[in-house]
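In: No letters, just coordinates:
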């Protein structure tokens, strides 16, 4: 091959790689409303069951809690995609007494699809709770970490 042909082939490959990168970047974002809702509800439910166990409350299960989440990022004028500290999610679930509860949780979602969620203490308790043996321990649902499912 002559130099001109090699240069053209190299430029064509570079253009193809740039097109693939641009197409991939323009694809669906990693942080979406649906992914946040699908990740948050089961994580909350598992931690709520852990809280019930710590408190010595029998019979609380993930299925019985039946959690659902409805999330929004930054209000009606902001697209519900992307990382940021402006995600608000309402979680609806059945509490320890099988009463339906709804609480507003604030989420900080990072670019790596991990998040920190904090909820209303009136609904889920303070940062520490007293376990069934009388010791003060961290409340697992007061503030918790989670991650979006990479396969959803």
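Out: That came through fine. None of these values were measured; they are calculated from a predicted model. Numbering: from 1, shown residues only.
In: Run through the strands of this structure in chain order.
Out: 68-73, 84-94, 100-109, 114-118, 128-130, 136-138, 143-147 (DSSP state E).
In: quick one: average pLDDT of the second one?
Out: Throughout strand 84-94, pLDDT has a mean value of 97.
In: and the angle from that strand to strand 114-118?
Out: Computed by axes from the mean of the first three to the mean of the last three CA atoms, to 10 degrees, the angle separating strand 84-94 from strand 114-118 equals 60 degrees.
In: any weak-confidence spans in this protein?
Out: Along the chain, segments meeting pLDDT under 70 span 1-29, 152.
In: Can you pull the domain assignment for this protein?
Out: Domain ranges of the chain: 1-28, 33-147, per automatic domain parsing.
In: give me the number of residues near residue 83?
Out: Residues lying near residue 83 (other CB atoms under 10 Å) number 18. From N, CA and C alone the C-beta is placed, and that goes for glycine too.
In: got a list of what it touches?
Out: 31, 109, 110, 111, 113 (CB atoms under 8 Å, 6 or more residues apart in numbering).
In: Using ChimeraX, define a selection of the buried residues within those.
Out: To isolate the buried ones among the contacts of residue 83 in ChimeraX, judged by 16 or more other CB atoms under 10 Å, type:
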select :31,109,113
